[in-house]
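Enquirer: Starting from these lines, generate the structure:
(chains A and B)
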Amino acid sequence: MKKEYIMGNSAIALGALCSGVKLVAGYPGTPSTEIIETICKVPHKGVHLEWSVNEKAAMEVAAAGAYAGARTMVTMKQVGLNVASDPLMSLAYVGVRGGMVIVVADDPGPISSQTEQDTRRFASFCRIPVLDPSSPEEAFDMVKDAFVLSEKYHTPVILRPTTRVCHGYASISFDENYEAKDPSGFEKDSSKWVIFPKLSYNNHRLIEERLPVIAEDLSSYGYNRIIKDSKKSCKAVLASGISLAYVRECTSNLDLKVIGIASAFPLPKRFLLEALNGVDELICFEELSPFLEEELLKLCGEHQLKIRIKGKLTGDVPHSGELGVNKVQSILNKFLGRNDKSEGISFTEKIPDPPQRPPVLCAGCPHRGSFYAVKVATGRKKTYLCGDIGCYTLGNALPLDMVDTCLCMGAGITMAQGFNHLDKEAKSFAFIGDSTFFASGISGIVNAVYNEADITVCILDNATTAMTGHQPHPGTGFNLQGNYVDKIDIESVLKGIGVKKVMTVNPHDLKASVAAVKECMKVDGVKAIIFRAPCISIVKLKDKCRVMDKCSNCNICINKLGCPAMSLKNDKVVIDESLCVGCTLCAQLCPHKAIERIHHE
Amino acid sequence: MNKNILICGVGGQGTVLSSRILASAFMSEGHTVHSAETIGMAQRGGSVVSHVRVGDEVFSPLIPEGRADLILAFEPGEAAACLKYLTANGCVILNSHPIPPVTVSLKGCSYNEKAIFTFLSSQKIRHATVSSDELIKKFGSVKYFNILILGVASGMDVLGVSAQSIESQIEKLVKEKFVAINKEVFNAGYEIGLKNAAE
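Expert: Residues are numbered from 1 along each chain as shown, chains lettered A, B, ... in the order given. The predicted structure follows:
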């Protein structure tokens, strides 16, 4: 056995490898990304591993593997599950032969997501079991349990960690002599694998018949457990996932019954009915939605249990945002009628306000030049600027202020069309990254061409998927294994689907970039500009920019670009050499030619 | 033993590596460690916070407010943002060099780092300041600040783990060609810490 101090996502990766996983696919999305990255880094002989173009593709690749009898896993974040929901719903009906685990990382807070949606709702919606780990150690164990459950009932199983489990660290012991299990092979049977209405009807019936059986099975599952019993108190706390960790830390010296639930769906009813014996008041701690709370209310109604259930629905636990030890402690104090005494220091003065530090485009980020070029070229014209999900969402920050909308991956392109159809006077722009272009941009551009929209699509091609940590995609020319593959050429794709004008420009060249935007604006129909320069985190640039003595401190550079390497020191413009990469955008902009590029060794 | 150490800074300063080194050092001495860090959008110049928690009664990956024994702050403003985590008699070690966010250069937002130092003194919070500017002068790069601050904390004897354990984790976790310089920086920090503790 080997013991290592690793991230929760790495624990999930190793759990899958130790279960003999044969195929793993996914699309990067915080907080799920490191699962696939870990598998790629550690020995994974015989495992097919891929970054798919999007979550739907990943789900379908993994489903086929599981049809063929292999253990397969697919990874994504909660919003990615929306993209994969089409195959997921059908897959729940068709089922699998080899074990299939769908890891969907939820993001309470949210810390880096568009929504606070709850994957347990999806599990109940599509009628497949979900396991909910409360620590990296449990996540490691539950991957293995999920494969076993999946094979036993021929259904995919969702593992749903949340950010604090995914990005928490713990020491994990595992057998490093793991091996990928070879699949038994696909057996043709169109009555089983081809989804026809008759099969759907039959399988829907079977699924509903099977759920109580799985619930009964999960009632004996070790992670559905009474963590702390109380002979005296009739009050209980029920929690799942990371909330259980917070509860455990607050309740060590409290006289309460503590119940941990690891399988929110299907609800382990027999276990709960036993655990609730003697309880007359219960508080439910869970992040995101009041899923367990509602299930408990149903259970109490069904069995005429007289238990007062408190939680989000009663206003005792907040609906949105993360919980934490402090929040749980204060809610518990109220629940128990205790005084809320705070810990730590009570300062006699107010702590000075820290400065706001919103995420920004990095110093030297090529996107800054792309946005600025469009800004200059459009001038005072009325515009609709439709953004997308990725680093370039940060183009919304002042002073650039170049993102009017951001909805979901790929929506920038189609939303620009919507604005254009209603307002022909204005210029509609869509900004999208290279990875997002392949994930869901192409179909939107096909729609624009077909429906005669007049939009300019700006593809900010930095040769990587930057926001999630530089994963490759079909345009980079290599795949997850590092193998060189044929690059899918964005220009050719655009031309192939009928884009009227396609231009490519270096966003670090301000003059050429502005000229390209102006030229595209003259053409009616769907135009595309590919702003191409690599992400500054993947190339090593040694140049720096320096402010010369002739600087008149007009501050135009700072006020127009918002580059984090530039600041005012004693009212003078200075460039922080540790951040500057010499992109020269500021130098090109300076009306006094007071910024020069110097070469650093 | 129970110990809560919070490390905070700005994306790109190396907070995550220092928390890994620290956690691994505790683990090598037989302790149970949990930690958590903020990653994702925070990389792009945003705030980064790592929580390192030692002890068998730890379940939450996050340090509750009012329970941090030690705060290692790579930037004074970030120290202010995390002071609510400090426990009574807790210690703060912070970089005296501020990194003003873009919002400050654009004049929409104010930032007075001196207020933070004044506050620490007026509230009689045990603290030590380390300058990353001096590090640049001595070692030519600000990149090693994460190791310097570990050295200072170690010299002040507030970490709860031995300097040897940290050094052996530096050997394991830092890229081979940077091990020697990092150990040198760690020892320089250790000396600063010793001096600070004596004062």
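
Enquirer: ok, now which ones touch residue A:574?
Expert: Residues in contact with residue A:574 (Cβ atoms under 8 Å, 6 or more residues apart in numbering or on different chains) are A:547, A:566, A:567, A:568. (Glycine included, C-beta is placed from N, CA and C.)

Enquirer: Secondary structure added to these, as JSON lines?
Expert: Converted to JSON lines, those look like this (DSSP: H, G, I helix; E, B strand; the rest coil):
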{"residue": "A:547", "secondary structure": "strand"}
{"residue": "A:566", "secondary structure": "strand"}
{"residue": "A:567", "secondary structure": "strand"}
{"residue": "A:568", "secondary structure": "strand"}
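
Enquirer: right, and out of the residues you listed, which lies closest to chain B?
Expert: Of all the contacts of residue A:574, the one sitting nearest chain B is residue A:567; the distance, using Cβ to the nearest Cβ, is 4.4 Å.

Enquirer: Isn't that closest one up against residue B:106?
Expert: No. In this structure residue A:567 lies outside contact range of residue B:106 using Cβ atoms under 8 Å: 9.7 Å.

Enquirer: Can you get me the start-to-end distance on stretch A:278-294?
Expert: End-to-end distance for stretch A:278-294, by Cα to Cα, to the nearest Å: 20 Å.

Enquirer: Report whether it contacts chain B.
Expert: No. Using Cβ under 8 Å from any Cβ of the partner chain, stretch A:278-294 never reaches chain B; the gap is at least 12.0 Å.

Enquirer: Check which residues of that stretch are buried.
Expert: Neighbour-count burial for stretch A:278-294, counted by 16 or more other Cβ atoms under 10 Å in any protein chain shown, picks out A:279, A:282-294.

Enquirer: Who has more neighbours out of residue A:567 and residue B:106?
Expert: A direct count of neighbours by other Cβ atoms under 10 Å in any protein chain shown for residue A:567 and residue B:106 places residue A:567 higher, at 20 against 17.

Enquirer: residues contacting the more buried one?
Expert: A:558, A:573, A:574, A:576, B:100, B:104, B:105.

Enquirer: With residue B:20 instead?
Expert: Per Cβ under 8 Å, 6+ apart, neighbours of residue B:20: A:5, A:169, B:35, B:169, B:173.

Enquirer: Please, a ChimeraX command that selects the buried ones among these?
Expert: In ChimeraX, a selection of the buried entries from the contacts of residue B:20 looks like this (16+ other Cβ under 10 Å):
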select /A:5,169 /B:35,169
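
Enquirer: outside of the longest strand belonging to chain B, which residues touch it?
Expert: Assignment by DSSP state E gives strand B:86-95 as the longest strand of chain B. With contacts defined as Cβ under 8 Å, 6+ apart, strand B:86-95 is touched by A:343-345, B:4, B:9, B:66-76, B:79, B:83, B:116, B:120, B:125-132, B:145, B:149, B:152-153, B:156, B:158.

Enquirer: Can you pull the phi and psi angles for the residue nearest to residue A:552 when sequence neighbours are not counted?
Expert: Leaving out its chain neighbours, the residue that sits closest to residue A:552 by Cβ to Cβ, 6 or more residues apart in numbering or on different chains is residue A:592, at 5.5 Å. Dihedral angles phi and psi of residue A:592 (degrees, to the nearest 10) take the values phi -100, psi 0.

Enquirer: Over to residue B:182?
Expert: Torsion angles, degrees, to the nearest 10, at residue B:182: phi -60, psi -40.

Enquirer: The contacts of strand B:86-95 in strands, which ones?
Expert: Under the assignment DSSP E, these contribute B:4, B:9, B:68-73, B:126-130 to strands.

Enquirer: The nearest residue to residue A:381 once chain neighbours are set aside pairs with what?
Expert: Spatial nearest neighbour of residue A:381, chain neighbours left out: residue A:427 (5.6 Å); criterion: Cβ to Cβ, 6+ apart. Note on residue A:427: beta-bridge partners by DSSP bridges are residue A:383.

Enquirer: State the pLDDT value of the closest residue to chain A within chain B.
Expert: Residue nearest to chain A within chain B (Cβ to the nearest Cβ): residue B:66, separated by 2.2 Å. Listed pLDDT for residue B:66 reads 93.

Enquirer: how many neighbours does it have?
Expert: Count around residue B:66 with other Cβ under 10 Å applied: 18.

Enquirer: Does it touch residue B:84 like I think?
Expert: Yes. The pair residue B:66 and residue B:84 qualifies as a contact (Cβ under 8 Å) at a distance of 7.2 Å.

Enquirer: circling back: and the longest strand of chain B, which strands flank it?
Expert: Note on strand B:86-95: by DSSP bridges, its sheet partners are strand B:68-73 (parallel), strand B:126-130 (parallel).

Enquirer: now it, how far from the centre of its chain.
Expert: Its chain's average C-alpha position is 10 Å from that of strand B:86-95, according to Cα atoms, centre = their mean, to the nearest Å.
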